[in-house]
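Undergrad: give me a model of this one.
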Amino acid sequence: MLKIHQLFFLNTLALFVGTLLIASLIGYYTLKEMIINDNIDHLKRTLELVALRSNQSNSLDHYVNAIHNQTDYRATAFDTNTRVLAESNIDKRSVDSTLNRQEIMNAITQPYGVDVRHSITLDEDYIFVAKQIAFQGDIVILRLGVTLHSVMEYFYQLWLRLAASFALFILIALILAYKISKKVQHDIAQITHYLHEISAKNYLAVLKPQYFREFLQITLLLKNLVKKLRNRDKQKRKHTARLRLINKQQNDILSAISHEFKNPVAAIAGYTETLQEDPTLSLAIRDKFLGKIHSNALKISTMLDRLALSVKLENNDLSIKTTRFDLDALCRDVTSTLQGKYPNRTIVYEGRTQEVVADKTMLDLVIINLIDNAIKYSEDEVVLKLTDNNLEVIDKGIGISPDELEHIANKFYRVQKNSWDNSMGLGLAIVSYILKLHNATLQIQSTLGVGSTFGFSLTGLIAK
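TA: The predicted structure is shown next:
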């Protein structure tokens, strides 16, 4: 097993050598690209300049030869059919006019044609730049080329200088790393000797580090200790916060149950006490009182069912069972049922046939809860609206203030201006849980004093 100072030196060596290799590769390709691009730009500028002198020559052969003599670039002239008209370096008849030269094709449709490729004619790699120019009233394509070999000679010289500079830097860095490694080795040996003395019960042993590297070791140990203490404290705070949350939830449930059950339980107790204390009550009154007792018992049962369903949904103990059905038919059934339940209220349905894939029982519960919610917070008609992409329940009730909108779907939350003896603030919470299981979201729009719209998107439910 390697010692720390050996690992330090080897890691430093690997780091610097790796840095050199990566920097060398990046520098190589970057410099190469920069030099090639610089030559391309120079060829473009040269083309612009020689294009201005095209009227000074009587023939294309003389024109391209003059360019070659002045710039040392290979100059070639083509017509728009890519046929060679003049060539500065070789006999133009030896140049194959049938080749597909990319720079020429691009120059026909663009300001410049550029290509870096192997020249079959001269068997060398070239940088070519071509441009359309006017020559004696005709349009010709003038191409300038420079060998990649001549360009790369300068690049290799520059690259070798940079590589030598990198190598010198790495050598100096490695010498320094070696010296630091020896200092680390010395101080670790001092600390090791001190620990041996302590393990031998020599508590009077003195540690005399020379290069203060022992403080790094002590710092690491202290950091590890602090980290453990911090993690323990964090776990303790999380556990405490969780216990507080559980206690709060339990208190909320008990408070809600106590508040909501108080009225129906009191009503049952009152009617029962009256029946027991007055045996002379008429049969009609007794039947009426028994009906009230039964009605309030049903309310308690409904509240318990909603609470149980809410707990199951929140704990993910309930899974959906999807089927394909007509949501329009379900809406009509729900509207008819609730109209019978609330004969003094007007429930209007507007919709069309819409095939969906969802849990029919759960969506039935969603629509019932939304309409129930609209009825208890309004006195006018309630509209159930089914469109191509949305299902909405619209009321003209008291509306919801902006401060309460973000809490309206929370468990046990109810708008403070109203009281409802059979809700416990669970209706919209249940709706939100069910829609979440269907990858949908409860959408609420409300204006205080005007009314509210509760609904959800059908995008993910529509049958394909």
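Undergrad: from here on, contacts and neighbour counts on C-alpha atoms
TA: Will do.
Undergrad: each with direction, which strands does the longest strand anywhere in the chain pair with?
TA: Across the chain, the strand with the greatest residue count (assigned by DSSP state E) is strand 124-135. Strand pairing for strand 124-135, determined by DSSP bridges: strand 113-119 (antiparallel), strand 138-147 (antiparallel).
Undergrad: hmm, who's touching that strand?
TA: Contacts to strand 124-135, defined as CA atoms under 8 Å, 6 or more residues apart in numbering, come from residues 36, 40, 43-44, 47, 51, 54-55, 103-104, 107-108, 111-119, 139-149.
Undergrad: one step back: just name the most buried of the strands paired with strand 124-135.
TA: strand 138-147 (a mean of 22; mean count of other CA atoms under 10 Å).
Undergrad: how far off centre is that one?
TA: The chain centre lies 50 Å from the centre of strand 138-147; the measure is CA atoms, centre = their mean, to the nearest Å.
Undergrad: quick one: average pLDDT of that strand?
TA: Computed over strand 138-147, the mean pLDDT rounds to 89.
Undergrad: for the strands paired with strand 124-135, which one sits closest to residue 355?
TA: Nearest to residue 355, of all the strands paired with strand 124-135, is strand 113-119, at 58.8 Å by CA to CA.
Undergrad: mind listing the helices for the stretch 51-200 of the chain?
TA: For the stretch 51-200 of the chain, the helices defined by DSSP state H, counting those that start in this stretch cover 60-71, 102-109, 148-199.
Undergrad: my guess is residue 442 contacts residue 458. True?
TA: No. Counting by CA atoms under 8 Å, residue 458 is not a contact partner of residue 442; they are 11.1 Å apart.
Undergrad: so for these two, which residue has more residues nearby?
TA: Neighbour count, other CA atoms under 10 Å: between residue 442 and residue 458, residue 458 has more, with 21 against 17.
Undergrad: show me what counts as buried in stretch 332-347.
TA: Buried residues in stretch 332-347, counted by 16 or more other CA atoms under 10 Å: 334-335, 338, 345-347.
Undergrad: my bad, stretch 101-115
TA: Within stretch 101-115, the residues that count as buried by 16+ other CA under 10 Å are 103-108, 112-115.
Undergrad: what's the farthest-apart pair in those?
TA: Among the buried residues of stretch 101-115, the pair separated by the greatest distance (CA to CA) is 108 and 115, at 13.8 Å.
Undergrad: tally of neighbours for the residue nearest to residue 463 when sequence neighbours are not counted?
TA: The shortest distance from residue 463 to any non-neighbouring residue, by CA to CA, 6 or more residues apart in numbering, is to residue 356 (4.6 Å). Using other CA under 10 Å, residue 356 is surrounded by 21 other residues.
Undergrad: OK, contacts around residue 356?
TA: 324-327, 461-463.
Undergrad: so it sits in a helix?
TA: No. In this structure, residue 356 is strand, not part of a helix, as judged by DSSP: H, G, I helix; E, B strand; the rest coil.
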